[in-house]
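Student: this one's structure only:
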């Protein structure tokens, strides 16, 4: 400890915290893991390279601030050059802090931790920020190092910055079958689909979209029974159950606006419209419901009743949600949360925020299904679903919308994507 410059602490306390962290990791115990990590971080425990994995676990549970502090400790405890900074940049990007992520990434030498990893982080972050010139430069830097990086070719294709030479290189890559990693194989098919679509060869475009989806579906499989089970848990929540357990937020607490709907249904458009107001901040897909579920030990009404009867506090759950949201979103006013599968968390979130407005976006089913099918949803399981599987999911969501309309009444605002585009002032 003294060799590492750490203040004297009770060795037994650190050993106990490390043991609790390990046990909590094995048991998927969010609360125990975070509490143990806070002790280890506050005393600068000499974990060395284990800080990297610790940071990943903290990020999994939404604790970005603690994860960044863990990586700071790795940096001072002999991490490889710039490895900690690169991991921090990755986490910042994952949590929507794209400008901070790009600034940190560009401060790292281009060859670290590896040229392709460095370039990929910069290009994806720059593209999210709309910095197309920087994104193109980084995509091309990746391709100079890894010509078979179909993800980089896809980025250029999405920005419509492919040259004639690029198209020849893509055709050669497809013919050579050099793209072997699953994501690159799927991305290459998607690039070919985009090119065929722009040339109005719709049969070829559809064939490539289908192949891209099939490749992603090798690991991103549609779990119909899990989907049905999740919807049943959501539908177990009624207006009466919410009313029994709900506790209104304090007047001085930040207030969310929840937006839900299928992927590609217009939720991003609604977030942009709402956050254009000076008193509303855009939060994107916060995904914090999973942290509430992990803390409670389930998402059904019976889980919340058990949590409360065991001394759990709805106020504490709301405080957790707002604390984690505050780590993602600047400002102090209302904020938009358009997390995926929000339809499954409306019950619990209504217990925490009984007065929060909920917007449900609805788009023509055929248009919506086709938009999902032909979109590159790299890290979303929906990206591996067939049209039949998308349709099955849509029917489940329609039933949930009917349920929530009956339970929430006017608090749930169902907005037509087409009507919003045709007459935005009405809404």
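Tutor: Alright, I've got the coordinates. If you're wondering where the values come from, they're calculated on a predicted model, not measured in any experiment.
Student: how many neighbours does the closest residue to residue 373 other than its chain neighbours have?
Tutor: Closest residue to residue 373 in three dimensions, ignoring its sequence neighbours and counting by Cβ to Cβ, 6 or more residues apart in numbering: residue 387, at 5.8 Å. Quick note: C-beta positions are derived from backbone N, CA and C, even for glycine. Neighbourhood size, residue 387 [other Cβ atoms under 10 Å]: 13.
Student: quick one: contacts of the helix or strand hosting residue 144?
Tutor: Residue 144 is part of helix 132-145, with elements assigned from DSSP states H and E. Contact partners of helix 132-145, identified using Cβ atoms under 8 Å, 6 or more residues apart in numbering, comprise 102, 110, 115-116, 119-120, 122-124, 126-127, 149, 152-153, 155-156, 159, 161.
Student: Show the buried residues in these.
Tutor: 102, 115-116, 119-120, 122-124, 126-127, 149, 152-153, 155-156 (16 or more other Cβ atoms under 10 Å).
Student: Tell me which of those residues fall in helices.
Tutor: If you go by DSSP state H, the buried ones among the contacts of helix 132-145 have 102, 115-116, 119-120, 122-124, 126-127, 152-153, 155-156 in helices.
Student: what's the closest of those to residue 414?
Tutor: Residue 414 lies nearest to residue 127 out of those, by Cβ to Cβ, at 32.4 Å.
Student: which helices and strands sit right next to the helix or strand harbouring residue 25?
Tutor: If you go by DSSP H and E, residue 25 is part of helix 11-27. Judged by 3 or more Cβ pairs under 8 Å, 6 or more residues apart in numbering; DSSP states H and E, helix 11-27 is in contact with helix 30-42.
Student: now whichever helix or strand comes after the helix it packs on against helix 11-27, angle please.
Tutor: Per DSSP H and E, the first helix or strand lying C-terminal to helix 30-42 is helix 50-60. With axes from the mean of the first three to the mean of the last three Cα atoms, to 10 degrees as the basis, helix 50-60 and helix 11-27 are set at 50 degrees to each other.
Student: how close does the residue lying closest to residue 166 once chain neighbours are set aside sit to residue 212?
Tutor: In space, and not counting its chain neighbours, residue 166 is closest to residue 156: 6.5 Å by Cβ to Cβ, 6+ apart. Distance, residue 156 to residue 212, using Cβ to Cβ, to the nearest Å: 17 Å.
Student: host element of the spatially closest residue to residue 224 that is not a sequence neighbour?
Tutor: Once flanking residues are discounted, residue 224 sits nearest to residue 392: 6.2 Å by Cβ to Cβ, 6+ apart. Assigned by DSSP H and E, residue 392 belongs to helix 387-408.
Student: quick one, the following helix or strand past that helix and helix 387-408 angle?
Tutor: Using DSSP H and E, the helix or strand that follows helix 387-408 in sequence is strand 412-416. On the basis of the same axes, to 10 degrees, strand 412-416 is oriented at 140 degrees to helix 387-408.
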